[in-house]
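Participant: sequence first, then the predicted structure, then my questions.
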Amino acid sequence: MKKRGFWPNLLKFSQEFISKPQGRVGLFMLAIFLFVALAAPIITKYDPIDDLYLAESMAKPAWVRVFPDNRNLPVTVHAKLGLHSWKTNSQFNLKSDEEIGENGFSFEVSPEKQTELLYQFRFESDPPGTFNFETQYLVKAPEDNTTTLALLMISPNGKEWPLWKKTIYGSEDETELLIDSRQMNLKFQLGLTMFDEVSQKVFQEKGNYKIVLRASTDGEPAMISFIPVAVNIQGKLHGVLGADHMGGDLWSQLVYGTRISLLIGIVAALISVFIGTAIGIASGYIGGFVDEFFMRLADVMLSIPSMPVLIILSALMGKSIWNVVILISLFSWTSTARIVRSQTLTLKERSFVEAARASGASKSYTMVVHILPNVIPLVFASLVLLIPGAILLEATLSFLGLGDPTTPTWGRMLHNARSFGAFTSGSWNWILPPGLAITFLSLSFVFIGNTLDDILNPRNRERS
């Protein structure tokens, strides 16, 4: 009887898989998570680890403004004012200047008149908690020149708030500038007391605000360079899911956490399946002492309560994402080993294996060439079913504070939510998304794994 080729078999398998509703749902859910993981830099503009203090602590999602109680809450504003953001009061053009940094820009200041760059934005809510401006600048001018730079905010009523001013003699190397509304010297510069909140005074009104960058010089023309000016107004409403206790963007943590969960689940499951398959084939085919040793080892591993041991080992080995992967793999191979051993015991009695032995094939050759290809379907189904278990174990360890603090994971999000009062304050926007993400990602693999098991498991085929 002529054997079917690879592609016809694959086509038949695909048709059978798609015909099952559970398989279709699992594939659709997994496709969504894969898209989110791959398109993370496009879906969110923030870095989940480095971008902190974007909003006030535990800010609500921006879209809750549709509810009357939240209508006037301040929304966060984040902008980088670069080459094409500013309007000028003269005929000169800003020039790109990569020498000072990425997306830097420069302009020449002549002694005849003051140069002014203007950026306008609308603010239609209550005053924010804080705000800050961050940039770097560079001045190139003759030694006998005096150059003055200033940054100020103009309220809708026309009042000017001088936030920063500096006089530079000659040139100045690249210098960082940070203006923070919480700085004490800024309060005194604006004529406020130490108890006043600068943000409350500056943003008293609703309407169009202006950010103005002024420059002037005497003597010879001076060249001024800036990297894009980062404008950060920290409100009580922020982004898709709000902010955590440090003002970090929860949406970016959820999106980048998808990558980590998939990575941990797939890598840990691959290692577990590799170990389990090797032990299962060796135990089933060789038998004797080898079979007895590995099966008793599997019994011991199954009898050990894995979670307490994982907690102890995670604490001893350190908080690393790869340590978590290794620990999960070491406790997850037993089920694959037992399944593969059971199938190997059946296969080694088949005529094609006996023929290989009779022709002088070694044990290693027989196991790799004749046994392994016939257990691959079971191994593949076992692999998919091990992934959700690995994802849940990692989330549990991270929730208990044993995960990698430098890696954004869903378990880490839940750990921070528990540690910093999200559960007691009812911050559902911090608690529900990672919990639902863990549930649905695990469920997608369970659906796919059950479907594969129905199709590929010989016992299921015999019953059907």
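Facilitator: Arrived safely, thanks for sending. Numbering: from 1, shown residues only.
Participant: CA only for contacts and neighbour counts going forward, please
Facilitator: OK.
Participant: find the residue at the geometric middle of this protein.
Facilitator: For the chain, the residue sitting closest to the mean C-alpha position, by CA atoms, centre = their mean, is residue 256 at 1.8 Å.
Participant: quick one, strands of the stretch 151-300 of the chain?
Facilitator: 160-169, 172-180, 207-217, 222-226, 229-234 (DSSP state E, counting those that start in this stretch).
Participant: for those strands, give me TSV that also has distance to residue 359 and mean pLDDT.
Facilitator: Putting the strands of the stretch 151-300 of the chain into TSV (distance: least, CA to CA, whole Å; pLDDT from 0 to 100) gives the following:
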stretch	distance to residue 359	mean pLDDT
strand 160-169	88	92
strand 172-180	78	92
strand 207-217	86	92
strand 222-226	78	91
strand 229-234	75	91
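Participant: which residue of this structure lies farthest from its centroid?
Facilitator: The outermost residue of the chain, judged against the average C-alpha position, is residue 358 (56.0 Å), by CA atoms, centre = their mean.
Participant: ranges for the helices of the stretch 101-250 of the chain?
Facilitator: 184-189, 198-202, 250-286 (DSSP state H, counting those that start in this stretch).
Participant: make JSON lines out of the ones you listed and add mean pLDDT.
Facilitator: Output for the helices of the stretch 101-250 of the chain, formatted as JSON lines (pLDDT from 0 to 100):
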{"stretch": "helix 184-189", "mean pLDDT": "90"}
{"stretch": "helix 198-202", "mean pLDDT": "91"}
{"stretch": "helix 250-286", "mean pLDDT": "92"}
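Participant: ok, the residue farthest from the centre of the chain - contacts?
Facilitator: Shown in contact with residue 358 (CA atoms under 8 Å, 6 or more residues apart in numbering): no residues.
Participant: now do it, the pLDDT please.
Facilitator: Note for residue 358: predicted pLDDT of 84.
Participant: now it: how far from residue 444?
Facilitator: 45 Å (CA to CA, to the nearest Å).
Participant: do residue 332 as well
Facilitator: 19 Å.
Participant: got it, and residue 154?
Facilitator: For residue 154, the distance to residue 444 - CA to CA - is 53 Å.
Participant: quick revisit: dump the helices of the stretch 101-250 of the chain to a markdown table, plus distance to residue 10.
Facilitator: Output for the helices of the stretch 101-250 of the chain, formatted as a markdown table (distance: least, CA to CA, whole Å):
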| stretch | distance to residue 10 |
| --- | --- |
| helix 184-189 | 69 |
| helix 198-202 | 64 |
| helix 250-286 | 22 |
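Participant: list the contacts for the nearest residue to residue 51 once chain neighbours are set aside?
Facilitator: Once flanking residues are discounted, residue 51 sits nearest to residue 248: 6.2 Å by CA to CA, 6 or more residues apart in numbering. Listed by CA under 8 Å, 6+ apart, the contact partners of residue 248 are 48, 49, 51, 52, 53, 54, 55.
Participant: tell me the domain ranges of the chain?
Facilitator: Following automatic domain parsing, one finds the domains of the chain at 6-42+249-463, 77-234.
Participant: could you dump these into CSV and include distance to residue 59?
Facilitator: As requested, the domains of the chain are arranged in CSV below (distance: least, CA to CA, whole Å):
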stretch, distance to residue 59
domain 6-42+249-463, 9
domain 77-234, 9
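Participant: now do the phi/psi pair for residue 427.
Facilitator: Backbone torsions of residue 427, given as degrees, to the nearest 10, read phi -80, psi 80.
Participant: I figured residue 324 was touching residue 394, is that so?
Facilitator: Yes - using CA atoms under 8 Å, residue 324 makes contact with residue 394 at a distance of 6.8 Å.
Participant: highest average neighbour count across the helices of the stretch 101-250 of the chain?
Facilitator: Comparing the helices of the stretch 101-250 of the chain by mean neighbour count (mean count of other CA atoms under 10 Å), helix 250-286 comes out on top with a mean of 23.
Participant: if anything else comes up later, I'll come back, but that's it for now.
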